[in-house]
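Peer 1: Prediction below, plus the sequence it came from.
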Amino acid sequence: MRQKGIQLYTDHPEEEFVAPGHRSCQGCAEILALRLALKIFGRDTILVMATGCMEIVSSPLPFTSWRLPWIHVAFENAGAVASGVESAIRILMDKGRIPRKDIHVVAIAGDGGTSDIGFQSLSGALERGHKFTYICLDNEAYMNTGIQRSSSTPFGAMTTTSPPGKRSIGQSTWKKDMPKIVAGHNVPYVATACPSYPFDLFSKVKKARMTDGPSYLHILSVCPTGWRIPTDLAIEYGRLAVRTGVFPLYEVENGKYKITYSPEPLKPVSEYIKGQGRFRHLKDEDIEKIQERITADWENLKALASISNR
């Protein structure tokens, strides 16, 4: 059934660029997000992947789960290495050393490797205008190293480094708004996506692939292990994140905001929070505070989209 207001990408490529046999956790939405995205990026793609969950689960020596050229880089420099690869390919083509063809570079990192450790190199790559796509797989913590907080961890969430207690609510800061920070670099294309809405994801990956310049995709990747939810509910919690306004689906194309799926009326945030073990300590007044913030952020996003449509 077609979902209200959502963009559709109707061509479903069958070729798989993620091989089976990887060691992702049961119910991992992050590997699903990459599997869907790489179908659209296609064969002529080079992957630059920072240390993180996807690197660890997919590359136990001597095996790999990637059916594309794949480079593992440090936590902090996916943006810098992708810049170098893109520049090298362009120079080699200009010198006639390799055939001229449309080869796309895709940098991939988690929320820690994007909004924390790798932010400097990402910002530099965006400012220089390299033609590549950066994908942030946002599972809202450093899951690979033991579920530590990142600047993408939502307010109130429990992690091993933001435990709740008598004087602590858990994570005490609000989630860093990376898509808007990237949009502030005046790059041609920025979008949020979630594998729970695959057709919306397909459409945005296609736009990112065709962008002449830097493009950025921020993909919510539900983590049953770190979020402490049943392994068969990752897709459902991705939908709830969108339908409550916790993670809105939108794009910023040449500075203009567009909401690509409007779930209004929004579901209560409590429906998203309940059932997640990382929020089980929250009181009603805490959830009300989160609801107020999410509502305000949603109204602000609608205002930006309205201004862009004038």
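Peer 2: Great, that's in hand.
Peer 1: where does Ser162 land on pLDDT?
Peer 2: On the pLDDT scale, Ser162 is placed at 96.
Peer 1: Let me see the contact set for it.
Peer 2: The contact partners of Ser162, taken as C-beta atoms under 8 Å, 6 or more residues apart in numbering, are 149, 153, 168, 170-172. In this view, the C-beta of every residue, glycine as well, is placed from N, C-alpha and C.
Peer 1: do the same with Val205
Peer 2: Val205 sits next to 36-37, 40-41, 193, 217 when contact means C-beta under 8 Å, 6+ apart.
Peer 1: Got the phi and psi for it?
Peer 2: As for Val205, its main-chain torsions (degrees, to the nearest 10) stand at phi -60, psi -40.
Peer 1: Tell me how far it lies from Lys302.
Peer 2: Per C-beta to C-beta, to the nearest Å, Val205 is found 25 Å from Lys302.
Peer 1: What of Asn309?
Peer 2: The gap separating Asn309 from Lys302 is 11 Å, by C-beta to C-beta.
Peer 1: Between the contacts of Ser162, which sits nearest Leu233?
Peer 2: Using C-beta to C-beta, Thr153 comes nearest to Leu233 of the contacts of Ser162, at 19.7 Å.
Peer 1: Quick one, grab the pLDDT at that closest one.
Peer 2: Reported pLDDT for Thr153: 98.
Peer 1: my read: it touches Lys175, true?
Peer 2: Yes - judged on C-beta atoms under 8 Å, Thr153 makes contact with Lys175 at a distance of 6.8 Å.
Peer 1: Show me the shaky parts of this structure.
Peer 2: Within the chain, the segments meeting pLDDT under 70 span 1-11.
Peer 1: if you set the cut-off to 50 instead, what comes out?
Peer 2: 1-9 (pLDDT under 50).
Peer 1: Where do the helices of it begin and end?
Peer 2: Taking DSSP state H as the test, the helices found in the chain are 29-41, 53-58, 78-94, 111, 119-128, 178-183, 198-210, 224-227, 234-243, 269-273, 284-308.
Peer 1: Name the stretch among those helices that sits most buried.
Peer 2: Of all those, helix 111 has the most neighbours on average by mean count of other C-beta atoms under 10 Å, namely a mean of 27.
Peer 1: Report all helices and strands that that one contacts.
Peer 2: Secondary-structure packing of helix 111 (3 or more C-beta pairs under 8 Å, 6 or more residues apart in numbering; DSSP states H and E): strand 133-138.
Peer 1: Which one of the contacts of Ser162 sits in the busiest neighbourhood?
Peer 2: The most crowded member of these, judged by other C-beta atoms under 10 Å, is Thr153 (30 neighbours).
Peer 1: I'd like the distance between that residue and Tyr250.
Peer 2: Using C-beta to C-beta, we find Thr153 at a distance of 21 Å from Tyr250.
Peer 1: cool, His72 as well?
Peer 2: His72 is 31 Å from Tyr250, where distance means C-beta to C-beta.
Peer 1: And these two? Which one has more around it.
Peer 2: Tyr250 (21 against 18).
Peer 1: Run through the residues that contact the closest residue in space to Thr192 that isn't next to it in sequence.
Peer 2: Spatial nearest neighbour of Thr192, chain neighbours left out: His218 (4.9 Å); criterion: C-beta to C-beta, 6 or more residues apart in numbering. By C-beta under 8 Å, 6+ apart, the residues touching His218 are 136, 138, 178-179, 182, 190-193.
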